[in-house]
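J.: Predicted model and sequence below, questions to follow.
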Amino acid sequence: MAGRPWWAANELLAFLLEVVALGCLFWWGFTLADALALQVLLGSAPLVAAVVLWSLFAAPRARFRPPLAGVLAVKALVLGGGALALYGVGHPAAAAVLGVVVVANTALAETFRRRPTAP
């Protein structure tokens, strides 16, 4: 990381976007009910599903390593789902910004991962 500050910054942004997407998924599910117990259950369900999906297929140390298209599909589902969830709770402008940042971050991350490091 020492010689690649842009890569490190983009990886940090990727992590923050993942956390934001998970938070948005919980928030969206939480707003689907009126009773607190049901809110927590409906908030936790998409959050847990996203965490399990991510850890199995998209995390750096994922249990299964699908081809790049599979990893990108999981990222699109989880991160895009976070943006859609943000839209679902009534923040369309923020959802659009999140979507654009996610796409740019993912594109840069894949570009950095495929570019050889400088000696």
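T.: Sure thing, it's come through.
J.: where do the helices sit along this protein?
T.: Taking DSSP state H as the criterion, the chain carries its helices at 5-30, 36-57, 68-88, 92-114.
J.: what comes up buried for the last one?
T.: Looking back up the chat, that one is helix 92-114. 95, 98-99, 101-102, 105-106, 108-109 (16 or more other CB atoms under 10 Å). Backbone N, C-alpha and C define where each C-beta goes, glycine included.
J.: Can you read off the pLDDT for Leu13?
T.: Among the per-residue scores, Leu13 holds a pLDDT of 96.
J.: where does the closest residue to Ala85 other than its chain neighbours land on pLDDT?
T.: Closest residue to Ala85 apart from its sequence neighbours, by CB to CB, 6 or more residues apart in numbering: Trp28 at 3.5 Å. The model reports Trp28 with a pLDDT of 97.
J.: Ok, Ala118 next?
T.: 54.
J.: picking up where we left off before, check the burial of the residue nearest to Ala85 by counting its neighbours.
T.: By the criterion of other CB atoms under 10 Å, Trp28 has 21 neighbours.
J.: which residues sit in contact with it?
T.: 43, 46, 85-86, 88-89 (CB atoms under 8 Å, 6 or more residues apart in numbering).
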